[in-house]
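Novice: After the sequence you'll find the predicted model.
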Amino acid sequence: MNFLPSLLNWHAANTPTSLPKEVPYEEKKQDDGYISVMDPARPPEVESVSELLVRKINDIWQGMKDPGKVVNFFAREAIDPLNYLPSAPAKAAAVTAGSAGILAALMKFGTVAPSKAVSMGNQAGAFRPSASRLLPSSLLDLSQSLHSSLGYRKTKTRDNLDSIADLILDKTITSKELTKYGAPEFQIDPFLAHVRDPEYNPTDRIASEYPLSDFLAGPITGAVLHKNAGRAYAVKEAADVPSLSPYLKQGDAMMMSLLNTYPSLENDARAFMGQLKDKKLIFSLYPESAKNDIIDGVEEIARILDMAGHGPEQLSKKTLQQLVGLAQKEERDLLEKQAKSLQTLTEHTTRRTIELQTKQKLPPESKGLVQLENEKDLATETAFQNICCGAGRVDQNTMRYVPAWDPITGKREPGLGTVPVSGDNFFGRIKSGESLMFSYRPNGIPEATIELNAKNGSIREIAGKNNDPMDPKLKDVVLKALAPIQNKLTATSAGIRLTGDPKRDAAINAYVGLARDNPNEYDIYMRLARDVANGRMEVSDF
């Protein structure tokens, strides 16, 4: 089972070094007391780190038939520069080079492969399985960013909500807790933005699997490998030309400078060495997106606890687990209250719709439409549709419109003051006769809201839920229901009155409709409508 010649051949062919393609194995000669910078015992020839690893592995291979033991050897030997550079950490020039080369070879030979037992299954909300780890460097970036944000937040003017959010964030970003981010064990996972609103916070913008091949192909790893290969060549040259020895120290200094510039490289390399043993997937974070995801989750918990009447002093004594559990309980209670309130509002609105339909007697073709008459009607549209026609403000926590009036009692929302709000502006246009407001309620509750110009019937605004684009089928139904009302307004504004004769009135509406749909021929069609209304044109001529 001696795979080492193949391993070395592959490594020499695929690594940018000056290693020979074949290194014949030789028994070690008697120690002559020479201590090199690469190994405490003098080898038969000066070796690079990769050659040295191959020789050491070959020495013990016969007694190690279990590949798992070899993996342990790699993890112990290849990552620690002091195993090769006993002089001092200052000469740790090959801190990752040897491990990187062996890791690359092992991946190609199939030793490193993702575990098949890492599926997240039903671990809702998590973007990585429990049996995985975060890349140390990206985790460090996230931690530093979150601690910086927390420090900045504490310098600003704080209210009760902010203070609660800060104490939750402080408990969330401990080293022990933050390493769980993305896995189901992360305690605030149910409140994270990517869990609550995955459509707008997709996980592929937060993290992605980071394979060993990406690590090895990275510019920093590549630079270390390149410098280490150059140093191995320099050691060989210095053995024959002693005058070159001073340059080895210079090379060591350059390597240490590179490693000091990127201190997290060693931890990343250790993570991949660990992957050899446990085969856990490694995920890299996009720190800014991950930071926003966590802060949004923290603020969601704080909002719930603040709405439930909890204060920061009381909450500061609780653990993160207790805070999350309390927030989940309070949220359930709040949702139950909202459900009861919604049921009450739905029943009230259905009764109000029947009342308006009975009173207004709109044309049969306008089935489903009701005309809005007062502040409560406008507030109902805002409550169901989340649109501004009856709104007093925007809730900064939920980003939803809050009705300016109670849809049932008509009581004005406290704290709005005397400055006109959006709902006041819409109701003002209704009272002045400038606009007419309609609601499409085929099942008793709002599905579309329309503002018409009261003078000519033209549409000023038409809105579906959340002001989102309306479903084309729904919009087509609403426009057909509006047409008779618009025709009547257009005809009235032009001095044309319906006659009460079904045939004549149908012809009048048809001409008025054509006039609205064809602005360039508006005058022609309106003249025909007027002729029918005044009896100057027989319906049979239509």
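Specialist: Perfect, thanks for sending it. Not measured: the values here are computed from a predicted model. Residues are numbered from 1 along each chain as shown.
Novice: Is residue 522 located within a strand, as I assumed?
Specialist: No. Under DSSP: H, G, I helix; E, B strand; the rest coil, residue 522 sits outside any strand and is assigned helix.
Novice: let's number from 21 now, not from 1
Specialist: All right, first residue 21 from here; so that's residue 542.
Novice: which residues touch it?
Specialist: 535, 536 (C-beta atoms under 8 Å, 6 or more residues apart in numbering). Yep, even glycine has a C-beta here, placed from its N, CA and C like the rest.
Novice: how near is residue 202 to residue 158?
Specialist: Here the criterion is C-beta to C-beta, to the nearest Å. By it, residue 202 lies 11 Å from residue 158.
Novice: and if you look at residue 335?
Specialist: Distance from residue 335 to residue 158, by C-beta to C-beta: 30 Å.
Novice: again, but for residue 399
Specialist: Using C-beta to C-beta, residue 399 is found at 48 Å from residue 158.
Novice: Comparing those two, which residue is more hemmed in?
Specialist: Between residue 399 and residue 158, counted using other C-beta atoms under 10 Å, the more crowded position is residue 399 (31 against 20).
Novice: mind checking the SS state of the more buried one?
Specialist: Relying on three-state DSSP, one would call residue 399 helix.
Novice: show me the contacts for it.
Specialist: 410, 423, 424, 425, 426, 427, 430, 443.
Novice: Let's see that with 10 Å instead.
Specialist: 365, 392, 409-412, 421-433, 443, 447 (C-beta atoms under 10 Å, 6 or more residues apart in numbering).
Novice: how many neighbours does the residue nearest to residue 550 when sequence neighbours are not counted have?
Specialist: Nearest non-adjacent residue to residue 550, counting by C-beta to C-beta, 6 or more residues apart in numbering: residue 516, 5.3 Å away. Using other C-beta under 10 Å, residue 516 is surrounded by 21 other residues.
Novice: which phi and psi does residue 516 have?
Specialist: Per-residue torsions, residue 516: phi -100, psi 130 (degrees, to the nearest 10).
Novice: pretty sure it contacts residue 524?
Specialist: No. Taking contacts as C-beta atoms under 10 Å, residue 516 lies outside contact range of residue 524: 11.1 Å.
Novice: Are there residues contacting both of those two? Which ones?
Specialist: Residues touching both residue 516 and residue 524 by C-beta under 10 Å, 6+ apart: 552, 553.
Novice: Let me know the secondary structure of residue 422.
Specialist: With three-state DSSP as the criterion, residue 422 reads strand.
Novice: Against residue 415, how distant is it?
Specialist: According to C-beta to C-beta, residue 422 and residue 415 sit 5 Å apart.
Novice: which of these two has more neighbours?
Specialist: When neighbours are counted by other C-beta under 10 Å, residue 422 comes out ahead of the other of residue 422 and residue 415, with 19 against 10.
Novice: quick one, what contacts that one?
Specialist: Per C-beta under 10 Å, 6+ apart, neighbours of residue 422: 399, 402-403, 406, 410-415, 433, 436, 441, 443.
Novice: Mark which of those are buried, thanks.
Specialist: 399, 402, 403, 406, 410, 411, 412, 433, 436, 441, 443 (16 or more other C-beta atoms under 10 Å).
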